[in-house]
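Trainee: build me a model:
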Amino acid sequence: MKQMVGTLMLSLVLALGSGCATVAPGEDPVQVRAEQALGVSFIVLDEYLKYADLNRSTLSRKEVDLANKIRSWGKSYVVNSRKALLEYQDTGAPGAKRLVLEYVEKLDDLVLEVERMKQQ
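Mentor: Numbering: from 1, shown residues only. Down below sits the predicted model:
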């Protein structure tokens, strides 16, 4: 678990330290937030799955359940979030914006579950 903590912390520093952590004048905050969430969640979820695969024989039941949840839902959330973001960028439709925000929240929830797991 300590190896995973170090890897995840490095991933978060690299993702958030890329200069996109704030909204520049003239940028759409929904789009910026979605891009941040997609970048961070992809890194964190991918690293957790790598950790889970490498340590399969020693994982707790909760760690296995979280890995399975990420495998089951994480990819869908990322794919659907990207689709909704593209639609929002193209049309600016309120329905697309709502979907973007819903999927960002789902991705954030998965990242928080990984954070909680690494603290146990």
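Trainee: OK, contacts around residue 101?
Mentor: The contact partners of residue 101, taken as C-beta atoms under 8 Å, 6 or more residues apart in numbering, are 30, 34. For glycine as for every other residue, the C-beta is placed from the backbone atoms N, C-alpha and C.
Trainee: quick one: what helix or strand has it in it?
Mentor: helix 94-118 (DSSP states H and E).
Trainee: separation between the most centrally placed residue in the chain and residue 34?
Mentor: The residue lying closest to the centre of the chain (C-alpha atoms, centre = their mean) is residue 41, at 1.6 Å. For residue 41, the distance to residue 34 equals 10 Å [C-beta to C-beta, to the nearest Å].
Trainee: report the contact partners of the residue nearest to residue 107 when sequence neighbours are not counted.
Mentor: Once flanking residues are discounted, residue 107 sits nearest to residue 41: 4.0 Å by C-beta to C-beta, 6 or more residues apart in numbering. By C-beta under 8 Å, 6+ apart, the residues touching residue 41 are 74, 77, 78, 107, 108, 110, 111.
Trainee: quick check, pLDDT for the first one.
Mentor: What the model reports as pLDDT for residue 74 is 92.
Trainee: just checking, residue 100 touches residue 81?
Mentor: Yes: under the criterion of C-beta atoms under 8 Å, residue 100 makes contact with residue 81 at 6.6 Å.
Trainee: now do the shared contacts for the two.
Mentor: Joint contacts of residue 100 and residue 81 (C-beta under 8 Å, 6+ apart) are residue 34.
Trainee: I'd like to know how far the residue lying closest to residue 114 once chain neighbours are set aside sits from residue 96.
Mentor: In this structure, residue 114 finds its nearest non-sequential neighbour in residue 48, 4.9 Å apart by C-beta to C-beta, 6+ apart. Counting by C-beta to C-beta, the gap from residue 48 to residue 96 is 29 Å.
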